[in-house]
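Novice: Prediction below, plus the sequence it came from.
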Amino acid sequence: MITIQMKTSLSPLEPYHQALLNALGERKGINRFGDFTAPLDEALIHVSLDLSGRPYLGYNLEIPTQRVGTYDTQLVEHFFQSLVNTSGMTLHVRQLAGKNSHHIIEATFKAFARALRQATESDLRQNVGSVVLVSIDTSYRE
């Protein structure tokens, strides 16, 4: 499990992104991949990620309002783009359903948190990295 605690921040986003990058370390001994779909009432959000070290954001949310209370909804995409750039993760965020801005945003962060937890959990193959071994029998049999 990764726990990040911040006490002060000049920038509201950058320290958290850097803290996540530092907590990931060499990324060995973890699942590396995470995938979760979260419902919240009418909203349904799918998040899939790879802690690959290669930054990429696939973002497909249609948030219908520009604000939820005082929160600027454009900050959702900005948060994830900054996180991807700093941490080097590949992240796909897809809205499968939803019309309520609050529900879309909340389901997005819940799905992201669950996918990240899955990706950072210990891999049973501890410290093997991302190597996949394939054995092919090439002997001829009649």
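Specialist: Cool, the structure landed.

Novice: Can you name the residues bridging to the residue nearest to L61 when sequence neighbours are not counted?
Specialist: Excluding the flanking residues, the one nearest L61 by C-beta to C-beta, 6 or more residues apart in numbering is Q95, at 4.8 Å. Every C-beta, even on glycine, is put in place using the N, C-alpha and C of the backbone. Taking DSSP bridges, one finds I45 as the beta-bridge partners of Q95.

Novice: Could you check how far Q95 is from E77?
Specialist: Using C-beta to C-beta, to the nearest Å, Q95 is found at 12 Å from E77.

Novice: So for those two, which residue has more residues nearby?
Specialist: More neighbours surround Q95 than the other of Q95 and E77, with 17 against 14 (other C-beta atoms under 10 Å).

Novice: so where is this structure shaky, pLDDT-wise?
Specialist: For the chain, residues meeting the criterion pLDDT under 70 lie at 1-27, 126-142.

Novice: that's a strand at L83, yeah?
Specialist: No - counting by DSSP: H, G, I helix; E, B strand; the rest coil, L83 falls outside a strand, being helix.

Novice: Going forward, the N-terminal residue is numbered 256.
Specialist: Okay, residue one is now 256; in that scheme the one you just asked about reads as L338.

Novice: thinking it is in contact with L346, fair?
Specialist: Yes - with contact defined as C-beta atoms under 8 Å, L338 reaches L346; the gap is 7.4 Å.

Novice: if we can go back for a sec, what do Q350 and E332 both touch?
Specialist: Listed as contacting both Q350 and E332 by C-beta atoms under 8 Å, 6 or more residues apart in numbering are L316.

Novice: tell me the contacts of A370?
Specialist: By C-beta under 8 Å, 6+ apart, A370 lies in contact with 289-291, 302-304.

Novice: Please repeat the previous calculation with a cut-off of 6 Å.
Specialist: By C-beta atoms under 6 Å, 6 or more residues apart in numbering, the contact set of A370 is 289-291, 302, 304.

Novice: likewise L304?
Specialist: 289, 344, 346, 370, 374.

Novice: Quick check: which element contains it?
Specialist: Assigned by DSSP states H and E, L304 belongs to strand 298-305.

Novice: Now do the buried residues in whichever helix or strand comes after that strand.
Specialist: With elements assigned by DSSP H and E, the helix or strand that comes after strand 298-305 is strand 311-315. The neighbour-count criterion (16 or more other C-beta atoms under 10 Å) identifies L312 as the buried residues of strand 311-315.
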